[in-house]
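[1] the following comprises the amino acid sequence and a computationally predicted model.
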Amino acid sequence: MSPIVYFVKIFVALFAIINPIGAVPIFVSLSQGRDYDEVRRIPKRTAVAVCAVLMVSAFLGQRILAFFGVGIPAFRIGGGILILLIAIAMVRARQPRSKYTPHEATESAEKEDIAVVPLAIPLLAGPGAISTVILQEQHSPGSAYMLIMIGTILLIGAAIYLLFRIGAPLAKRLGRTGINIFTRIMGLMLAAMAVEFITSGLAETFPLLTVVSPASP
């Protein structure tokens, strides 16, 4: 896989599953009634927290799996199923419960600082994003590809910061319909990637399932 293809694949996968545009209305809602200076600081803290979580996942994810005795093929299947469930919820224009629950919404309204919890975790850097980083990192054949992974995570963080800084005007301009359309498109792309994770995991776990085409005469 060429570096450009690797970058595009990681960026699309992370941007789709993190879906910062879909998170803008939640950020605007949670920011209401807060001090203006505090609201301006939230995007930066949220972006830094998301980058930190994903960086740790990229560097230590496989070591954590090895510590618990979980193989990469099994994690591909489990992570692929989780990502597929999130993608299905996105196609239906619903916020996945694995990322954000009504109870967390009520609790977060009483928090003084919402940048890390619940915005960064679990809304943006949730189980699906962490699984995606670990699965994509497993395909990085060298240090150059790891640098691409790091650069992509930083780019995603920058996108989160910019989108949250213009959160209120953006949400008003796109409207609920526009955000739902974008979320559905990202969900379709994410579903295709989830199926790829699941099928590759099954192929490694059960080699006999791999269909070998007959040799040409």
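    In hand now; what should we look at? Numbering: from 1, shown residues only.
[2] sticking with the residue nearest the centre of the chain, tell me its helix or strand.
    Compute the mean C-alpha point of the chain, and by C-alpha atoms, centre = their mean the closest residue is Ala129, 3.0 Å away. Ala129 is located in helix 127-137, with elements delineated by DSSP states H and E.
[3] could you say what helices and strands that helix packs with?
    If you count contacts as 3 or more C-beta pairs under 8 Å, 6 or more residues apart in numbering; DSSP states H and E, helix 127-137 packs onto helix 3-18, helix 36-67, helix 72-91, helix 143-165. Glycine gets a C-beta too; all of them are placed from N, C-alpha and C.
[4] now do it: distance to the chain's middle.
    Chain-centre distance of helix 127-137: 7 Å, with C-alpha atoms, centre = their mean, to the nearest Å.
[5] who's in contact with that helix?
    9-10, 13-14, 17-18, 53-54, 57-58, 61-62, 65, 75-76, 78-80, 82-83, 86, 96, 98-99, 146, 149, 153, 193, 197 (C-beta atoms under 8 Å, 6 or more residues apart in numbering).
[6] next, the angle from it to helix 143-165.
    Going by axes from the mean of the first three to the mean of the last three C-alpha atoms, to 10 degrees, helix 127-137 is angled at 150 degrees with respect to helix 143-165.
[7] packing partners of the longest helix that the chain contains?
    Longest helix in the chain, counting residues (DSSP state H): helix 167-205. Helices and strands in packing contact with helix 167-205 are listed as helix 3-18, helix 20-31, helix 72-91; criterion 3+ C-beta pairs under 8 Å, 6+ apart.
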